[in-house]
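Engineer: return atomic coordinates for the entry below.
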Amino acid sequence: MLETESITTLAARIARGEVRAEDACAEAFARIRRSDGDLGAFLALTEEGALTAARDVDRARDEGRPLGALAGVPIALKDSLCTRGVPTTCGSRILEGWTPPYDATVVERLREAGAILVGKTNMDELGMGSSTEHSAFRVSRNPWDRGRTPGGSSGGSAVAVATRMALGALGSDTGGSVRQPAAFTGTVGLKPTYGRVSRYGLVAFASSLDQVGTLATDVRGAGALLTAIAGADARDSTASARGVPRFEDACGRDVRGLRVGVLDEAQHAGLDPRAAEAFDRAVGELGRLGCEIVRTSAPSLAHAVATYYVLATAEASSNLARFDGVRFGLREREGVRHLHELIGKSRDHGFGAEVKRRILLGTFVLSADAFDSHYRKAQKVRRLLRDELTRELGRVDALLSPTAPGPAPALGDHADDPLAVYLSDLLTLPASLAGLPALSVPCGATPEGLPLGLQIMTRAFDEETALALGHAYERVAPLPGALPPAAGAL
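Structural biologist: Just a heads-up that it's a prediction; the model follows:
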């Protein structure tokens, strides 16, 4: 059943009584039991609570009571989102065993919409990584080729959706952590405008960059998830008070006449020839759909990686000070009281190597000697990049680039070269630094069958144009395949 449904089609069928929510939920867990041992998508499952919630949906429908927009749809949650009564580790030993007493705002809103929450997904520790190899608990594998990464840090969520262990998932996107794994797994990933979605209950990495995003099997589903979770929140002062449209209604909107910009810098970003060819085809398809293709430029994009890793690590260094063994992390059993002691702890008891690396870098750039030359300068470059993108989006309706420079790398490819990992984020970082919405949609595959992604960036709070373009392209685009080899019929 789930292999042929999307979020919106399944919700509609359940509402009409054609499918029982309990059956859909049971199938999701059957898929998890069959595939997740090898793929590593989940860190915790909530089968009992999910089946109870699914039966409640069926009972409400049978009794003629109104259903939420996502009633009965299996949804997964990245393990950086606090979930009442369910362990929330953020992929780190620091939080092993911690069970939040409350739900993140987005989790509350999914429950209110009737979604069935099936479990918490694997991630790079505290969101730091681009491959989900940096989880303290397990490695996630790409379902198209299990020797390759699914991307990160929301790799577990992307794997769950790609294999239909869930029809949608929430991730968090700091520098591309929803969009890049979506590209690598042949799914759709949407990073909303900064402030469109509440961050209350999201374990922080870099607070001025973090944004909860959606992953789905299709563009309409990604929009429907955003409709459910977006909006003002009194518990988060950065959440915008703007009204929330039905984002999924943008799908099917006529895109003829839209001006679409192709960033010159994106085409010279060390693209794999296969990604460059797929991107050129995607641009051509949008032209045939009636879009006007325009050349655009944002020269500061060349500095996006350096700018991001100065600012993000500085904020991480500050945010992670709470994991001192008193308020969070290691608790009394480890006898740890100060952050500098955690830096020296082994993988089994404290932060992993990637987190330590970023804490040390962030602490350095915030030091008195480096603050002006590094942190303050990076803030100026961030503003310059945002101004350039805003200027170009004043000329066009959207900016296009590949989502990633190439297909998913092999597991362990960059184990000894963290800089190569950082450079792979070049194309997703600009939207994060500027706080703009960006959508990744599948745009074909390599000859080996590895998915590739097209990124559509639009003006602040104009997710609808990105969804309209993504949906129009999705209807004519060559897909990597019906389902990954690891996700056949039950």
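
Engineer: now do the SS call for residue 118.
Structural biologist: Using DSSP: H, G, I helix; E, B strand; the rest coil, the three-state assignment for residue 118 comes out as strand.

Engineer: what's near enough to touch it?
Structural biologist: Going by CB atoms under 8 Å, 6 or more residues apart in numbering, residue 118 touches 25, 28-29, 32, 45-47, 50, 74-76, 165-166. Heads up, the C-betas are built off the backbone N, CA and C, glycines and all.

Engineer: tell me how far it lies from residue 448.
Structural biologist: Between residue 118 and residue 448 the distance, using CB to CB, to the nearest Å, works out to 31 Å.

Engineer: kindly report the same for residue 312.
Structural biologist: The value you get for residue 312 to residue 448, if CB to CB is used, is 32 Å.

Engineer: these two - which one has more neighbours?
Structural biologist: Set residue 312 next to residue 448 and count neighbours by other CB atoms under 10 Å: residue 312 wins out with 27 against 10.

Engineer: and residue 456, how many neighbours?
Structural biologist: 28.

Engineer: so it sits in a strand?
Structural biologist: Yes. Using three-state DSSP, the secondary structure at residue 456 is a strand.

Engineer: ok, what's across the strand from it?
Structural biologist: Note on residue 456: beta-bridge partners by DSSP bridges are residue 400, residue 439.

Engineer: was I right about it contacting residue 443?
Structural biologist: No. In this structure, residue 456 is not within contact of residue 443 by CB atoms under 8 Å, at 10.4 Å.

Engineer: do a quick rundown of the strands in this structure.
Structural biologist: Using DSSP state E, the strands of the chain run over residues 42-45, 74-78, 116-121, 168-173, 188-191, 211-216, 259-263, 292-296, 398-402, 438-445, 451-457.

Engineer: which one of those strands lies closest to residue 376?
Structural biologist: Minimum separation from residue 376 across the strands of the chain (CB to CB) falls at strand 211-216, 23.9 Å.

Engineer: which residues touch the closest one?
Structural biologist: Contact with strand 211-216 is made by 6-7, 81, 106, 154, 157-158, 161, 167-174, 177-179, 181-182, 187-194, 196-199, 202, 222, 224-226, 229, 432, as judged by CB under 8 Å, 6+ apart.

Engineer: tell me the contacts of residue 109?
Structural biologist: Taking CB under 8 Å, 6+ apart as the criterion, residue 109 is in contact with 228, 229, 231.

Engineer: swap in residue 32?
Structural biologist: Residue 32 is in contact with 41, 42, 45, 118, 119, 165, counting by CB under 8 Å, 6+ apart.

Engineer: show me which of the residues you listed is closest to residue 267.
Structural biologist: Each of the contacts of residue 32 was scored against residue 267 by CB to CB, and residue 41 proved nearest at 33.4 Å.

Engineer: correct me if wrong: the closest one contacts residue 122.
Structural biologist: Yes. The pair residue 41 and residue 122 qualifies as a contact (CB under 8 Å) at a distance of 6.1 Å.

Engineer: and for the two, which residues touch both?
Structural biologist: Common neighbours of residue 41 and residue 122 (CB under 8 Å, 6+ apart) are 140, 156, 159.

Engineer: adding distance to residue 358, pLDDT and neighbour count, write those residues out as TSV.
Structural biologist: Formatted as TSV, the shared contacts of residue 41 and residue 122 follow (distance: CB to CB, whole Å; pLDDT from 0 to 100; neighbours: other CB atoms under 10 Å):
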residue	distance to residue 358	pLDDT	neighbour count
140	20	98	34
156	20	98	35
159	24	98	36
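
Engineer: I'd like those as JSON lines, with distance to residue 294 appended.
Structural biologist: Written out in JSON lines, the entries for these read as follows (distance: CB to CB, whole Å):
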{"residue": "140", "distance to residue 294": "38"}
{"residue": "156", "distance to residue 294": "38"}
{"residue": "159", "distance to residue 294": "36"}
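
Engineer: and the contacts of residue 118, which are buried?
Structural biologist: Of all those considered here, the ones buried according to neighbour count by 16 or more other CB atoms under 10 Å are 25, 28, 29, 32, 45, 46, 50, 74, 75, 76, 165, 166.

Engineer: where's the residue nearest to the spatial centre of the chain relative to residue 155, distance?
Structural biologist: Per CA atoms, centre = their mean, the C-alpha nearest to the average position across the chain is that of residue 178, at 1.9 Å. Using CB to CB, we find residue 178 at a distance of 10 Å from residue 155.

Engineer: and residue 477, how far from residue 428?
Structural biologist: 20 Å.

Engineer: which one's more surrounded, those two?
Structural biologist: Neighbours were counted for residue 477 and for residue 428 using other CB under 10 Å; residue 428 has more, 31 against 19.

Engineer: and the nearest residue in space to the more buried one that is not next to it in sequence, how many neighbours?
Structural biologist: In space, residue 428 comes closest to residue 176 once its chain neighbours are excluded; the distance is 2.6 Å by CB to CB, 6 or more residues apart in numbering. Other residues near residue 176 come to 33 when the count uses other CB under 10 Å.

Engineer: pLDDT wise, what is residue 176 at?
Structural biologist: According to the predicted model, the pLDDT of residue 176 comes to 97.

Engineer: check contacts around it.
Structural biologist: The contact partners of residue 176, by CB under 8 Å, 6+ apart, come to 130, 191, 403, 404, 425, 427, 428, 429, 432.

Engineer: quick one: low-confidence parts of this protein?
Structural biologist: Under the criterion of pLDDT under 70, the regions of the chain flagged as low confidence span 269, 324-349, 415-416, 418-423, 481-482, 488-490.

Engineer: how near is the residue of it most remote from its centre to residue 112?
Structural biologist: Relative to the centre of the chain, and counting by CA atoms, centre = their mean, the farthest-placed residue is residue 63 at 36.6 Å. Taking CB to CB as the measure, residue 63 and residue 112 are separated by 19 Å.

Engineer: residue ranges of the helices in the stretch 201-350 of the chain, please?
Structural biologist: All helices of the stretch 201-350 of the chain, identified by DSSP state H, counting those that start in this stretch, fall at 219-229, 273-288, 304-319, 331-334, 339-343.
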